[in-house]
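Task: produce atomic coordinates for the following.
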Amino acid sequence: MRHLSVPSAQTQHWLEFCRSEKWLAEHTGVSTLDDGNKAIPLNDSAPADGDAVWMGLAMIILEAKAKTPSHWTEHLDPELYLLHKEDWPKAYETQGDVLIVKLEDSIWDAAETMADAMLTQLPSVRLVCADLGVQGDFRVRNLHPLASRDGTVDTRTRIKENGYLLWVDPSKVYFSARLSNERIETLATAKRLSERLNRGIVVADPYAGVGPSMGALLGEPGLLDGYHAGDLNPDAVDLLSENLTHLAQKRKDVNGDVAPLLHPSTVVCSDATTWALDESMKGSCDLLLVNLPHDSIEHLPHVLPLLRRNQTSVLRGWAIVERAQEEECKRLIEDAIIQAGGRTESLGLHEVKGFSASKSFVCFEAWIELAE
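Residues are numbered from 1 along each chain as shown. Model (predicted):
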């Protein structure tokens, strides 16, 4: 079969061009040549070798390479696929090597077959689970295993986010990869605060989950002097402790040497509203993270006393609010800061994503100073 030999970097351009001209051969795929070029299969209607349209690129003869499936549904029996064509899931989520998918009731009888097709298409996936919805006070998913590559059904897995590794378990702990960019923004804020104070900072993360925000902060050389981190979910705290130990061991200082030990380095499983009652935590932090979206603003009077006084400090949090009440939300945040004896240097609030037709998930950030 005729193939067009193209430089690897130009593959997409020539694929799109040949597809638009209807010159691509069907049921065969692109091959990689020994010289690193890509070979694009052509049908009989494509112009001959040497035609000006090829811009000097060579034509070669290769045995046709079978086109590999590009989607897991291509591994299903065609009749089964057509029977439920409109009901197959259009999207899924992966955490590490665990794939999580929501299913329509109509395809439950074919769920294991579907899961096997997913395993065939996605070699990095070990376990496919059906998401039966959120349950319990800690908003954890009720996951039903459908198929396993190696026979294991443990949902504990490891993810890589922004260059660092975290243990997670979607059946025990809430975790959202979609907030990865928020973690990067938190890091940027922490660096600005550290530059303002001209020293390493101490962070309080009372709703830390498995520690994704801490991962970003601990990975920055010289940024943190210490932390107080925790969660009310015991399973989250177990994973958080393991993650923080691993992350702390990998820390480097600004010269690339082993970083000094962090102090404080507190991990607790307790209600965040009681943290400031502990004299070792009260007034000890420079950056406060408040990620309890349904209750963040209501918790502010209880957690603001964790911040140091008579200096610049930062409150950064996330909340679910009515779009029509965003200004009221800002007023409530300012009121909480005033009641804590503080003044606000700046307060910003922006939408991160939609939550419902009338509500949005927002991030708020306040640079403040609390008086003695």
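
switch to C-alpha atoms for all contacts and neighbour counts from now on
Noted.

what about residue 357, which SS state?
At residue 357, secondary structure determined by DSSP: H, G, I helix; E, B strand; the rest coil is coil.

Could you report the neighbour count for it?
By other C-alpha atoms under 10 Å, the residues close to residue 357 number 8.

Give me the pLDDT for it.
Reported pLDDT at residue 357 in the predicted model: 89.

go on, the one 10 residues further on?
Residue 367 carries a pLDDT value of 98.

dump the residue contacts of it.
312, 313, 314, 315, 344, 345, 346, 347 (C-alpha atoms under 8 Å, 6 or more residues apart in numbering).

isn't the second one right up against residue 371?
No - using C-alpha atoms under 8 Å, residue 313 is not in contact with residue 371; the gap is 11.3 Å.

quick one: which of those two has more around it?
For residue 313 versus residue 371, the count of surrounding residues by other C-alpha under 10 Å is larger for residue 313: 25 against 13.

Just give the nearest non-adjacent residue to the more buried one, would you?
Excluding the flanking residues, the one nearest residue 313 by C-alpha to C-alpha, 6 or more residues apart in numbering is residue 286, at 4.9 Å.

wait, isn't that neighbour in contact with residue 314?
Yes - Residue 286 is within contact range of residue 314, at 6.5 Å (criterion: C-alpha under 8 Å).

distance between stretch 333-342 and the chain's centre?
Distance, stretch centre to chain centre, for stretch 333-342: 32 Å (C-alpha atoms, centre = their mean, to the nearest Å).

Give the buried residues for it.
333, 334, 335, 336, 337, 338, 340, 342 (16 or more other C-alpha atoms under 10 Å).

Equivalent analysis for stretch 39-57, please.
39, 40, 41, 42, 46, 49, 54.

Kindly report the same for stretch 120-130.
Buried residues in stretch 120-130, counting neighbours by 16+ other C-alpha under 10 Å, are found at 120, 121, 125, 126, 127, 128, 129, 130.

what about that stretch, start to end distance?
In stretch 120-130, first residue to last residue: 17 Å (C-alpha to C-alpha, to the nearest Å).

let's number from 2 now, not from 1
All right, first residue 2 from here; so that's stretch 121-131.

show me the contacts for the closest residue in space to residue 38 that isn't next to it in sequence.
Ranked by C-alpha to C-alpha, 6+ apart and with sequence neighbours excluded, the top spatial neighbour of residue 38 is residue 8, at 4.7 Å. Contacts for residue 8 (C-alpha under 8 Å, 6+ apart) come out as 37, 38, 39.
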